[in-house]
Structures are given as C-alpha cells and as structure tokens.
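In: From the sequence below, what's the structure:
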Amino acid sequence: VAHTYDPILEIYARLNAIRQTRDSSENYITKNIEALTRMARRDRYESYRDIIYYTAAQMELERNNKPGAEALLLQSVHYASIANNIQRNRSFIALANLCFEEKKYKAARNFYDSVNLGDQASLGDISWLPERKAALATIVTQINIMERQDSLQRIAALPAAQRDAYIKKLVRTLRRQQGLRDENDSTAAALAVNNPSAAPDMFKSGSGSADWYFNNQSLKAKGYTDFKTKWGSRPNVDNWQISSIMKTGQLTKAGQRPSDAPGGPNNGPAGANTIDFKTLLERLPLTEEKMQRSMDSIESALFILGTTFKDNIPDYASAIGSYDSLLTRFPETRKEEEALIGMYYSYKKLGDEENAARILARLKQKHPGSALTARTINPDSALQAANRPQVDATHQYEKIYLSFIEGRFDEAVAQKKIADSLYGNKYWTPQLLYIESVYYIRTRQDAPAKAILSSIVNRWPKTPMAAKAATMLDVLNRRKQIEDYLTQLQVTRATDDDSIVVDNTKPAAADNNKPRLVRNDSNMLVKEDTSQLRRAHLPTAPGMQGQKPGGAQPGITADKLQVDTAGMRKISMDASQLAQLRRLQDSLQAAMFKAQADSAQAAVIRHKTDSINAVMQKLRDDTAQLAAKLRTLNSVFSLAPDKPHSVLILLDKVDPVYVTEARNAFSRFNTEEYFSQQLTTDNAALTDTLKLVVIGNFGNANDALEYLQKAKALAPRQIVPWLPANKYSFLIISAPNYDLLLNNKDLPAYRKFLSAAYPGKF
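Out: Coordinates of the predicted model:
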C-alpha cells in the first residue's frame, strides 16, 4: 500500500490486509475505508471509482455494517461503466444479495434484473439465479397487488367530499405527468364542440370568418374532439399512432411496470389510457361486488405469497407471517387447510416444535377427515407416495445422506448421480451438499468442494449451514498455506534425561490485618485496636529506642510488658467520673435496644436456618433413597454427583471423517460459549460402529447437565445442523464410570443406571 503506484494493486492490498488481520480493531477498518473514499474523490482515480466503492463495501461487510455496505454498493453501481461489465455485474449481484438477505425483495428483484447475463464467464456459478428471480417476480407481484388493493380500499373508505377532492387532485397530477391538459380544459372544449352553432366547418369556403385556424377557438375545439374521437388520448411524442408503443411509453414515464399499471393485467379491463375523474372513481371498490373482488385479490395474494416464501426462497418466518395474516384476516377462507399445513411445515423447518404441535392439533380439529391432513400426519402413506413423486425423491436423498454419513462414499456418489438425473437439483438440501463437500475435501478434490460450498452460501444465506459453509470455504482456500505451516512446524519433545524444575516456594502468607469486632466498656461492638498487639510482637529496633509509640517506654519488649491493675480497683467519685457513668448508662440502654433488634433478626435467621436444614435433610433422605434404589439394580457403576464429570456425544454408524468434523464443531462452540471454563474436546471409540465425542472438565454433574441441555437444544440448528438427529445422543458420565464403560462396553447397562440416577433426564 505504501509503495505501489498501481491504483488497482493499492485497492486490493487494503482489502486483503484487513482479511489477513482478522483481529484488527474497528479503527483500522475505518481508516482504510476513509483512505479509499479519499481516493475516489480524486480525479486521477475517476475511472476506478466503481472498484474503489465496491472494495470499501466489502470492508464494511467485514465488520457487519450492512447499511454502510449498501450505500457504498449504490455508489459503485452509480459509477460502474457499461464497458466494465465484470465489475458492474459484481456490484449489482452483491447489492441484490444484500437486499435479499435483509428481505427487501422489491429492491432485490430490480438489482437482479440489472445483471447482464450475457457475460456468464465473469459471474461464476449463477445456476441459482433464474430460480431466485422467478420467485422474487412472484413475491413482488403479490406484494404490489396487496398494496394496491389496500390503497384503493382506504380511498373508498374516505368521506365522499374528501374522496372526490383527492381523486381530482390525483387526476391533475397524472395528466400533467403525461403532458395532457387539465380535465376542466378538455371538458370546456368538448362542450364548445357539441354546440353546432358555435362550431363552424373549417373546410366550408363561405364560413364568413377570415380568422386563421389556430386563432379560431371554435375550429380548434372541433379539431380536438375529432382527433380524440378517432385516436383517443395521445401524448405529443414520436410514433403516437402505435397503441402498444404509446402504452409502454406512458408506463415508463410514470415509473411503472406494465403489470402494475392502471388497467393492466392485474387491474381490470381496458381504458387504461383514460385519466379522468369518472374512470378513476369507477376503479374504487365502492360497491359490495367490487369490494368482494378486492378482498378476493388480497386473499389469493397472501396465500401465493406464503407458498412462495415456503417453497422457493425459502423464508419460513415470512411464510408463517403470510399464512397467519391470511387466517386472521379471512377466517372463513377456503385455503385454511393448505395454510395450516404450510405453517406446520414452516415451524418444523425452524425447529419450533411447540408451535408445530399447536398447528397440527388445530389442523386435526378443523379438518379431521381430510386427505391433506392425513398425509401431513403420515407423510409416508400410500396415497402420498402415489400422488406426490417428491416423496420418492425425499427417501432417495435420505438414503444418499446416510450413505455419506456412514462412510460409504463411492456408493453415495453413484446414487446421487442417478437421483440428480431423475429429479434435478430442486430436492437438494444444504445439509446434503455440505457433507458431499466434506467428502470431496477428504479426497482432495478442492474444485467441486468449493463450488458446492459457494452454492450453499448463495442459495441458503443467513442460515447456520451457510455460515459453516463460508467458514469451511475460507479454510479450504488457505489449505496449502495451512498444510505448509503444519509440515514445517517442528515440535521438540522433552527427553527422559531432561530435568523439570518445579518451584515449590510458597508465597508468604499475608498478615491478617482485618480488625476484629469486640465489645468496649459500654458493651458496644467496636473494631479492635491491634496496633499495640503488633508492636508487642515486633522486636524493638535500635533506631526506635528514643521513640514512644502508643505511650510505651522506650526499650520495653513484649516479654517485659506488665500491666498495673492495682489502680483499677480504686474508685474516686468526682464530677467527671459521674458524667462518665451517666454516659455509660445511656450506652447500656442503647445497647439493650440494639440487642432486642438483634434478637428479632436472629429469630429470622434461625427460621431461615431451620428451613435450610429441612431442605438439606430432605436432600439427604432423597439421596439415601436413590442410593438404595441404585443398589437394587446391582449396577457396577457408581453415583458421585459432586465429582468431576464429562459429557458424552454418542455417534452411531458415522464415518470417522464426520466424527472429526463433529468434534471440531463442538470445540468451536465451546470456545465461543464456554471460553472461561477451558473445556476439553476429544474423540474415543466404544465399538466399531459407536464413536464418542468426550467434552470434559466439568466440576460436577449439575454443571455437565446444564451444558448438555444447552448443547442438545442448539445442536440441530447451530452446532451440527448437517448431522441427522437420529445419529447422535447425549449422556453425562464421571471419570471412574467412563473408564469402566470403556472396559466393559456395556452401554445399555450404563443408560439404565443413568435413567435411575437422574429420573426424567435421560
């Protein structure tokens, strides 16, 4: 960056510097972005502004500043020249993907439409783009229908006077946008033409008027009416005779799509070019029949929107929102059963089992005898298999999925080629693609692995699988660098002759200088003065002989210290002594009140202590009962809940490649969520088909149980979403039981012991 004169090299050097320095501060990225924006303002970099702003947007994304990245990408698109088609496409695709992730579907559709598909070599893998564009076209069309119908219904609900004023103002605005005169002027001209006495024939030789045609208002009015009768309303543009061209020109001028225009395919019959008060008023749902048609349009749009979100994007949260709006706004809809099934499917995909069960119960209640409900409850029914071929595809890909997981790679690849030839790629799932990429990485086929991982990131953005695929892709891109580092790494192990020195020196114990609470002569609690006591234990230094600390005589040591108690038995009653005794009496009274308050507090403490003792006694009784119950099992395993424990993740028939990947996934999870505990993550084998991931360093069984509950809930969504749920399970185990289990291999016996020791947990 500091030495290059090539602007392109400087731009990409800054970007890669940030990517290399992953632990860089926020200010480091900000400085680089500011440096790039300063470059863009200079005239010498004018032809590179599209690349500069695109690179700055990538830097903003490095720190997850999406609004800032979107603004910079808009700048890149603004300065992107048509000649630089590669950078223009990159900017449009990045901007479209960003809007798509933020669910700005209208903007995403427009940006995807702006991508020039003629130069596909520079776009990379865009096999996902046509499918996404088709889905977005459907979504945007339905959103436009709902917004338009809601707008018409709001205008129709206005009071008559306010509605008429609004329409008249809208007519004037629309006519001015299309270069037409106001409606009032057209009406006056038409009235003048309809008066035969006021409209002489412009071709009559004996008209009696010598005025030029354009100075004769009557002749102009007649000509206007004749033209409009024959041609209709036409703006003053080229090729005004061609109706289709004029219609497209008017829509483009108004900033509309043909399907969104008044009178277009979604707006009813002809007359779209007529803009006047009567025409616009007729389009409002002012009658019961028109209002019903408007509500039907909204009902259909909500259902299509939910189905598209569910099947084509997929955006299950938005699908649930659309279906819920449909059922709330139209409780008697004919699409109720399909909407409930769509909601049930979406909740299942999101892992929300509670709401999925609620929707399924509602579906059974409302449609108990329906074939769709039966297929939802039992997806593998004969009717489902006969009527829906995708069930066969699902079963086929599940078999391929298990073949990959269990390590039968060649068989899985062969089956997948056959399935892809039959069903295409619409039944692919990100989990299947992810483990396929792991297979290619294992066989060192990096090119197809990178293509698959990129496909996951592009087709399923903002999902746990997309994040894991991005991480795997980043590591795969640096594979050679990592392997070279590990190859050249030299580890020197300590030999048997090496001596290891252990520092057993104990730090000196700090003086306990905390003063104790003692009672003074007035029976009040005060801090004990330990200065005399400390001085008594210290030997007298030579330099202190002439000092009198605390009134002590110089040279007096602890063994020579004597206390004269004879004078303490003598009482001389004078005024000062009497005042002192009165103060002592007042202090005693205050102490008595304090003691009474302390007694009440002590009673509360005793009550709490009794409650705690009762709970402790119950725990001891429960522990004794549990111990007796465990003794009846005659189990070789022992219960020690207060001893260190580990969490076991049992992997059944999973290839070692994916066992290692599962260990890495849990290790990353532990580093992110339990960094302070320094948990250990190891692999072990119980049998040939049963592998273990052992997570240790928990202080007791309760800590292990808390970790197990959290990891078990997050595993299918965040930690190992690519691993089938029936392929792994969770247990906890103490160190002695773990050693015993590895020796006797009796997992059913340990499960039985664990179920008895922790009822309802396993």
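In: tell me which strands and helices the helix or strand harbouring residue 712 is in contact with?
Out: Using DSSP states H and E, the element containing residue 712 is helix 701-714. Contacts defined by 3 or more CB pairs under 8 Å, 6 or more residues apart in numbering; DSSP states H and E place helix 701-714 against strand 645-652, helix 656-673, strand 690-698, strand 728-734. For glycine as for every other residue, the C-beta is placed from the backbone atoms N, C-alpha and C.
In: Can you name the secondary structure element that comes next after the longest one?
Out: Sequence-wise, the next helix or strand beyond helix 656-673 is strand 680-685, with elements assigned using DSSP H and E.
In: angle of that following strand against strand 645-652?
Out: Between strand 680-685 and strand 645-652, the angle comes out at 40 degrees (axes from the mean of the first three to the mean of the last three CA atoms, to 10 degrees).
In: Adjacent strands (with direction) for strand 680-685?
Out: Strand 680-685 sits in its sheet next to strand 690-698 (antiparallel), going by DSSP bridges.
In: got the buried residues for the helix holding residue 712?
Out: 701, 703, 704, 705, 707, 708, 711, 714 (16 or more other CB atoms under 10 Å).
In: residues in contact with it?
Out: Here helix 701-714 makes contact (CB atoms under 8 Å, 6 or more residues apart in numbering) with 640-643, 645-647, 666, 669, 673-674, 695, 698, 719, 730, 732, 734, 758, 761.
In: still on that earlier bit, among the helices and strands packed on helix 701-714, which gets the worst mean confidence?
Out: The minimum mean pLDDT among the helices and strands packed on helix 701-714 belongs to helix 656-673 (a mean of 87).
In: which residues touch that one?
Out: In contact with helix 656-673 (CB under 8 Å, 6+ apart) are residues 405, 407, 435, 438-439, 442, 468, 649, 651, 654, 677, 679, 681-683, 691, 693, 695, 710-711, 714, 718-720, 723, 728.
In: could the helices and strands packed on helix 701-714 go into CSV alongside distance to residue 330 and mean neighbour count?
Out: CSV is the format used below for these (distance: least, CB to CB, whole Å; neighbours: other CB atoms under 10 Å):
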stretch, distance to residue 330, mean neighbour count
strand 645-652, 47, 22
helix 656-673, 44, 18
strand 690-698, 50, 21
strand 728-734, 43, 20
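In: And those: which comes nearest residue 216?
Out: helix 656-673 (86.0 Å; CB to CB).
In: what's the angle from that closest one to strand 680-685?
Out: Interaxial angle of helix 656-673 relative to strand 680-685 (the same axes, to 10 degrees): 160 degrees.
In: For helix 656-673, list the C-alpha coordinates in CSV.
Out: This file holds the C-alpha atoms of helix 656-673, laid out as CSV (Å, rounded to 0.1, in the frame of the first residue of the first chain):
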residue,chain,number,x,y,z
PRO,A,656,-14.5,-41.0,11.2
VAL,A,657,-14.4,-38.0,8.8
TYR,A,658,-17.7,-36.7,10.2
VAL,A,659,-16.8,-37.7,13.7
THR,A,660,-13.8,-35.5,13.5
GLU,A,661,-15.9,-32.7,12.0
ALA,A,662,-18.4,-33.1,14.8
ARG,A,663,-15.6,-32.8,17.4
ASN,A,664,-14.4,-29.6,15.6
ALA,A,665,-17.9,-28.2,15.6
PHE,A,666,-18.4,-28.7,19.4
SER,A,667,-14.9,-27.4,20.0
ARG,A,668,-15.7,-24.2,18.2
PHE,A,669,-19.0,-24.0,20.2
ASN,A,670,-17.1,-24.4,23.5
THR,A,671,-14.6,-21.8,22.5
GLU,A,672,-17.3,-19.3,21.7
GLU,A,673,-19.7,-20.0,24.6
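In: That one vs strand 728-734, what angle?
Out: Between the axis of helix 656-673 and that of strand 728-734 there is an angle of 60 degrees, by the same axes, to 10 degrees.
In: is it true that residue 233 lies in a helix?
Out: No. Per DSSP: H, G, I helix; E, B strand; the rest coil, residue 233 lies outside any helix segment and is coil.
In: residues near it, how many?
Out: Applying other CB atoms under 10 Å, we find 16 residues neighbouring residue 233.
In: can you check residue 227 too?
Out: 12.
In: Which strands and helices lie in contact with the helix or strand hosting it?
Out: In this assignment (DSSP H and E), residue 227 forms part of helix 217-231. Under the contact criterion of 3+ CB pairs under 8 Å, 6+ apart, helix 217-231 touches helix 183-194.
In: Surely residue 146 is in contact with residue 300?
Out: No. Contact criterion CB atoms under 8 Å: residue 146 and residue 300 do not qualify, at 9.8 Å.
In: Now do the same for residue 99: its pLDDT.
Out: Residue 99 carries a pLDDT value of 92.
In: now residue 288
Out: For residue 288, the pLDDT comes out at 91.
In: ok and the helix holding residue 712 relative to strand 728-734, angle-wise?
Out: Using the same axes, to 10 degrees: helix 701-714 against strand 728-734 is 170 degrees.
In: how long is stretch 278-298 end to end?
Out: 25 Å (CA to CA, to the nearest Å).
In: Would you mark the buried spots in that stretch?
Out: 279, 280, 281, 283, 284, 285, 286, 290, 291, 294, 297, 298.
In: for residue 334, helix, strand, or coil?
Out: When classified by three-state DSSP, residue 334 comes out as coil.
In: re earlier: hey, what's in contact with both of residue 146 and residue 300?
Out: Shared contacts of residue 146 and residue 300, defined by CB under 8 Å, 6+ apart, are absent.
In: circling back to that earlier point, go through the buried residues of helix 701-714 and say which is closest to residue 395.
Out: residue 714 (28.2 Å).
In: how close does the closest one sit to residue 730?
Out: As judged by CB to CB, to the nearest Å, residue 714 and residue 730 stand 12 Å apart.
In: ok, now residue 429?
Out: On the measure of CB to CB, residue 429 and residue 730 end up 24 Å apart.
In: And residue 29, by the same measure?
Out: Taking CB to CB as the measure, residue 29 falls 40 Å from residue 730.
In: swap in residue 453?
Out: Counting by CB to CB, the gap from residue 453 to residue 730 is 28 Å.
In: Could you tell me which ranges of the stretch 351-500 of the chain sit under the pLDDT cut-off?
Out: By pLDDT under 70, the low-scoring segments of the stretch 351-500 of the chain are 379-394, 397, 423-428, 485-486, 488-500.
In: Please repeat the previous calculation with a cut-off of 80.
Out: Within the stretch 351-500 of the chain, the ranges that satisfy pLDDT under 80 run 369, 371-372, 374-410, 412-413, 415-432, 435, 439, 442-443, 460-465, 478-500.
In: where do the helices sit along it?
Out: With DSSP state H, counting those that start in this stretch as the criterion, the stretch 351-500 of the chain has helices at 353-366, 371-377, 382-387, 390-405, 409-423, 430-442, 446-459, 464-477, 479-488.
In: Out of the ones you listed, which one sits most buried?
Out: A comparison of the helices of the stretch 351-500 of the chain by mean neighbour count, using mean count of other CB atoms under 10 Å, puts helix 430-442 on top with a mean of 21.
In: Output that one as PDB - backbone C-alpha positions only.
Out: Output in PDB follows, covering the C-alpha atoms of helix 430-442 (Å, rounded to 0.1, in the frame of the first residue of the first chain):
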ATOM      1  CA  PRO A 430     -27.800 -27.700   2.300                       C
ATOM      2  CA  GLN A 431     -27.000 -30.500   4.800                       C
ATOM      3  CA  LEU A 432     -26.600 -33.000   1.900                       C
ATOM      4  CA  LEU A 433     -24.400 -30.600  -0.100                       C
ATOM      5  CA  TYR A 434     -22.300 -29.800   3.000                       C
ATOM      6  CA  ILE A 435     -21.300 -33.400   3.700                       C
ATOM      7  CA  GLU A 436     -20.800 -34.000   0.000                       C
ATOM      8  CA  SER A 437     -18.300 -31.200   0.100                       C
ATOM      9  CA  VAL A 438     -16.600 -32.800   3.100                       C
ATOM     10  CA  TYR A 439     -16.200 -36.000   1.000                       C
ATOM     11  CA  TYR A 440     -14.600 -34.000  -1.800                       C
ATOM     12  CA  ILE A 441     -12.300 -32.300   0.700                       C
ATOM     13  CA  ARG A 442     -11.300 -35.700   2.100                       C
END
